[in-house]
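J.: Take this sequence and fold it.
(chains A, B, C and D)
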2 protein chains.
Amino acid sequence: MDITPFLDKKSKIPLYEQLYSFFKQEISHARIAKGTKLPSKRRLSSLLDVSTATIERAYEQLTAEGYVKSKPKIGWFAAEVEPDFPSAPDHFQQSAQPGSHKKNAPAIDFYQGNVDPAHFPFTAWRKSIVKSLDRYSDSFHTSGDPQGEYELRHTIARFVRLSRGVNCDPGQIIIGAGTTVLLQILCLMLKPGTKIGFEEPGFHRSRKIFEANRMNVIPICTDAEGVLPDELYRRNPYFMYTTPSHQFPLGTIMTITRRQELLAWAAKSNSFIIEDDYDGEFRYSGHPIPSLQGLDPNGRVIYLGTFSKSLLPSLRLSFMIVPPELMKSIKNNAELMKQTVSAHSQFALADFIETGEWQKHINRMRGLYRKKHAVLLEAIRSELGNIVEILGKNSGLHILLRLLFPASEDEAIKTAANNGVTIYPVSPSYKERTPFVSVLIGYGGLSEEDIRLGIQKLKTAWAPLISPY
Amino acid sequence: MDITPFLDKKSKIPLYEQLYSFFKQEISHARIAKGTKLPSKRRLSSLLDVSTATIERAYEQLTAEGYVKSKPKIGWFAAEVEPDFPSAPDHFQQSAQPGSHKKNAPAIDFYQGNVDPAHFPFTAWRKSIVKSLDRYSDSFHTSGDPQGEYELRHTIARFVRLSRGVNCDPGQIIIGAGTTVLLQILCLMLKPGTKIGFEEPGFHRSRKIFEANRMNVIPICTDAEGVLPDELYRRNPYFMYTTPSHQFPLGTIMTITRRQELLAWAAKSNSFIIEDDYDGEFRYSGHPIPSLQGLDPNGRVIYLGTFSKSLLPSLRLSFMIVPPELMKSIKNNAELMKQTVSAHSQFALADFIETGEWQKHINRMRGLYRKKHAVLLEAIRSELGNIVEILGKNSGLHILLRLLFPASEDEAIKTAANNGVTIYPVSPSYKERTPFVSVLIGYGGLSEEDIRLGIQKLKTAWAPLISPY
DNA sequence: GGGTATTTGTCCGTATGTATG
DNA sequence: TCATACATACGGACAAATACC
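T.: Got it, this is the predicted structure:
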């Protein structure tokens, strides 16, 4: 047992905590047997050249958590701890040694759900959280408003009107821990077998939610302008799920005429449209088109928004704007489920938006993503120019690569993986047959350099797949 | 000498100055004899929950003015001082007394879901949150592990084993934003019409979740020992939902024999038991009985735990421990729903538990609730002694009052409301007929004084309902 | 076997750095 | 910039347990 190399006096992590983590690891992994006498304060202190009080503090903390026991005037002893599970990732060891890069560099991950890790306004966000903790501490002892805290709903209502042209009052907003939770609340009001129109292709996670709730999911084809209204008249679903601002996965932006046709259909057939605006904040070219919800005078649109892309995926905070006609039954179900987002997160987000930090962040990110987007397109053009076609390049945080060479989706993904690049299949987005071979490329979470590198690697990976003639 | 009430953290007067004034008063009024050793920096610091440096600053100022003398490495001692004017007004006592009661006092709310608002270890919790923000910022840019962050699951596994006798490894744990979300995930794996045994009476919110998911909810009667196993053999549901550690709403604690019978039934019939341990941390008398999960060698128990009662309702954090046989399908559904709790909350809670703060808090709360509980019982005995019967008085944060006078539940609640007391109906807990008239009294969120006052008001409210003969 | 020096945990005051408003 | 408060780390005084002579 040698601690010396684990103590880093220059680290930001306090000395006593480094010691604490070390012993915690050793004991819980049974590398120090229970009952073993630990080195005395003074011995360790002179060995490691730190104060005895530092050692003492580490031991004290370990005592508080039951890892060691102290016998006064005798010594400290490792306590009995459940053996740790061997597969447990040694998180502490890794985080304590930030310098050591793995030999096998992690794959470059083009996952569409990731966002830029480097430019998040951490200080401001932290400030909002701390502020909300201090200011709203009175509200934390109840489970809170099942729809979500009024402050946040009010803020969202105001903001969404300005930025997305969505009209609503706070009473129509339901806060939830992710779009899936909100869709789940929606499903609770529907009988199994209810007809749900769903873009084909479309966002598979949402489709699976409907399917798991035993809805009758009807694929509705899309073209370059968006959902085809004829199909809707023919199949006449009760709900129609769509992603008009940036169709998933194709990336098309629904035209204004198509939007109006959709709304007309909904009004005529007493159906509802679910508008999932999952990354509507990021548009790079062309005029912004108002949301379906904002265009709709008849209250036929359920609007879904999220802060996963525009703030932090790990925050798990989305919202749903419900038309008055559905409000009562959805509210009932929301109350049944209770609120799913912690009050402090809600207050923090409200503050973050109110202080203008969110807007600043989005603006900054839009610029960054625009640049990444350009880098990606350029890299693809130069590296893969004649073997792929790019689809959906005007907004959002992902594009589609249609393969112009005879390889299966599976082959394309596997060879990429073997070359250290993770890309994603498009076929799950289709309920029925997939018309052409393509892969999903999300670039939000990668640096410009990694984007270039990743595309280069793709070229290498795919080279053998291209027929030689 | 008790300083606690004199320290007002929200005051504009600096903390060190409040301390300084206090000791100056005490010493110059000779309430502290000369030569007395003053409490050490650390002792005071932990007692008052301020930094040691703050105490030091106060002592220093006192030293400078000759009120105390410092002996290095030994302590601080009160010095000899001219006695001050004896009639000096105790300025602090006034400013610290927040006692100005409002004229229109809000209703006294006996809601069972509320918890004590005054004794939450706010500083420690805040510290855990800030620490998790600082230390895990790398993890926030992805949506995280759908089951929940490994650190938290590991911590919960360890803790639940020690405190509730539950056996599991972190891989079996699913974190979710509330018990309802977890039950919802459970329901996604069940066909509509699946038979769910449900305690009669039972926790209505859970029942409604099953019903909303179109399960076939079968009421299973309970007696003083818990669920009746005969009923189970007769009706043979696939899942049986129960609250063995503190039956909701009756408050009975399931006996060990009954527990074993239940487990035997589940093993024999290949069914599963859902053990909802919603407030198992709080038990006031009798021996602790191990959880069903801990007694079960056959993996037939799904254990539900929550931090709503034992920490903060607004945190929205619960967990589910899944037996291996169900793991695969439940995991699938959890992945479909994605994780519903923000990563920073998860890391913060893991830290809060790991640093021993949670245990401290529970211990403290158990004592407080025990006292409130005693106050409540005493108040009921003295005020309502002969018109009600108390049910379920050995654990948890609520009791049941059975009305011994001829009034309806509705009447009892309405007259109470008219007298400024909110109490809750028991009838929603019953799926079928309610056998006797009773009301639900939760006391976790009320002060001892309000508990007494509330019961007094109940007496006044109900007086007219009692037949005069 | 009894006294003494040493080891050890516990408690203490002090100094310096850092975050916040 | 400055006041307030907290966090981290240091080194010494003390008394009990232990080891040694």
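J.: so where is chain A shaky, pLDDT-wise?
T.: Filtered on pLDDT under 70, chain A yields the residue ranges A:1-6, A:81-105, A:286, A:467-469.
J.: Contact residues of it facing DNA strand D?
T.: Contacts of chain A with DNA strand D, taken as C-beta under 7 Å from any atom of the strand, map to A:14-17, A:50-54, A:72-74. The C-beta positions use only the backbone N, C-alpha and C, and glycine is treated the same way.
J.: Could you measure from A:Leu401 over to B:Leu384?
T.: Applying C-beta to C-beta, to the nearest Å, the value for A:Leu401 to B:Leu384 is 74 Å.
J.: Make a ChimeraX selection of the buried ones in the residues of chain A next to DNA strand D.
T.: This is the ChimeraX syntax for the buried subset of these, where burial follows 16 or more other C-beta atoms under 10 Å in any protein chain shown:
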select /A:15,16,17,50,54
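J.: In helices, which of the residues of chain A next to DNA strand D fall?
T.: Among these, DSSP state H puts A:15-17, A:52-54 in helices.
J.: Could you work out the most separated pair of these?
T.: Pairwise distances across those (C-beta to C-beta) peak at 16.6 Å, for the pair A:Glu17 and A:Thr52.
J.: State which one residue of the stretch 151-300 of chain A is found closest to DNA strand C.
T.: A:Glu151 (18.4 Å; C-beta to the nearest atom of the strand).
J.: Next, A:Glu26: secondary structure please.
T.: Here A:Glu26 is helix, with the state taken from DSSP: H, G, I helix; E, B strand; the rest coil.
J.: what number of residues lie near it?
T.: By other C-beta atoms under 10 Å in any protein chain shown, 18 other residues sit near A:Glu26.
J.: The stretch 351-469 of chain A: helices as residue ranges?
T.: Applying DSSP state H, counting those that start in this stretch to the stretch 351-469 of chain A gives helices spanning A:357-384, A:409-418, A:448-462.
J.: for the last one, which positions count as buried?
T.: It stands for helix A:448-462. Neighbour counts over helix A:448-462 (16+ other C-beta under 10 Å) mark A:450-459, A:461-462 as buried.
J.: Give me every residue in the stretch 1-150 of chain A lying close to DNA strand C.
T.: A:38, A:40-43, A:52-53, A:56, A:59-60, A:70-76, A:126-127, A:130-131.
J.: Give me the phi and psi angles of the one residue in the stretch 351-469 of chain A that gets nearest to DNA strand D.
T.: Using C-beta to the nearest atom of the strand, the single residue of the stretch 351-469 of chain A nearest to DNA strand D is A:Thr355, 19.1 Å away. When quoted as degrees, to the nearest 10, the phi and psi of A:Thr355 stand at phi -80, psi 0.
J.: pretty sure it is in contact with A:Lys131, am I right?
T.: No: counting by C-beta atoms under 8 Å, A:Thr355 stays clear of A:Lys131, with 9.1 Å between them.
J.: Can you give the contact residues for the strand or helix carrying A:Ser45?
T.: A:Ser45 is part of helix A:41-48, with elements assigned from DSSP states H and E. Helix A:41-48 is contacted by residues A:3-4, A:7, A:39, A:50-52, A:54-56, A:59 when judged by C-beta atoms under 8 Å, 6 or more residues apart in numbering or on different chains.
J.: What residues of it count as buried?
T.: A:41, A:44-45, A:48.
J.: Could you find the closest non-adjacent residue to the most centrally placed residue in chain A?
T.: With distances taken as C-alpha atoms, centre = their mean, the residue of chain A nearest its centroid is A:Pro313 (3.0 Å). The shortest distance from A:Pro313 to any non-neighbouring residue, by C-beta to C-beta, 6 or more residues apart in numbering or on different chains, is to B:Ser143 (4.2 Å).
J.: Report the contact partners of A:Phe347.
T.: With contact taken as C-beta under 8 Å, 6+ apart, A:Phe347 is in contact with A:132, A:135-136, A:139, A:149, A:151-152.
J.: how close does the residue of the stretch 351-469 of chain A closest to DNA strand D sit to DNA strand C?
T.: Note on A:Thr355: its distance to DNA strand C, by C-beta to the nearest atom of the strand, to the nearest Å, is 12 Å.
J.: Near that residue, how many other residues are there?
T.: 14.
J.: host element of the closest residue to DNA strand C within the stretch 201-350 of chain A?
T.: Closest to DNA strand C within the stretch 201-350 of chain A is A:Ala348: 13.2 Å, counting by C-beta to the nearest atom of the strand. Per DSSP H and E: A:Ala348 is located in helix A:343-354.
J.: Now render the helices of the stretch 351-469 of chain A as a markdown table, adding distance to B:Glu80.
T.: Formatted as a markdown table, the helices of the stretch 351-469 of chain A follow (distance: least, C-beta to C-beta, whole Å):
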| stretch | distance to B:Glu80 |
| --- | --- |
| helix A:357-384 | 57 |
| helix A:409-418 | 81 |
| helix A:448-462 | 73 |
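J.: Around chain B, pick out the residues from the stretch 301-450 of chain A.
T.: A:308, A:312-317, A:333, A:336-345, A:445 (C-beta under 8 Å from any C-beta of the partner chain).
J.: Can you tell me the number of residues neighbouring A:Arg57?
T.: For A:Arg57, the neighbour count with other C-beta under 10 Å is 17.
J.: and the angle for the one helix or strand it maps to with helix B:357-384?
T.: Following DSSP H and E, one finds A:Arg57 within helix A:52-64. Relative orientation of helix A:52-64 and helix B:357-384, computed by axes from the mean of the first three to the mean of the last three C-alpha atoms, to 10 degrees: 50 degrees.
J.: isn't there a helix covering the residue nearest to A:Pro313?
T.: No: going by three-state DSSP, the assignment for B:Ser143 is coil, not a helix.
J.: check contacts around the residue of the stretch 201-350 of chain A found nearest DNA strand D.
T.: In the stretch 201-350 of chain A, the residue that lies nearest DNA strand D is A:His344 (18.1 Å; C-beta to the nearest atom of the strand). By C-beta under 8 Å, 6+ apart, A:His344 lies in contact with A:129, A:132-133, A:136, A:140, B:129, B:314-315, B:345.
J.: and stretch A:457-468, how far from the chain's centre?
T.: Offset of stretch A:457-468 from its chain centre (C-alpha atoms, centre = their mean, to the nearest Å): 31 Å.
J.: Next: stretch A:229-236.
T.: Remark: stretch A:229-236 is offset 33 Å from the chain centroid, using C-alpha atoms, centre = their mean.
J.: Please apply the same query to stretch A:14-23.
T.: Taking C-alpha atoms, centre = their mean, the mean C-alpha location of stretch A:14-23 is offset from the chain mean by 32 Å.
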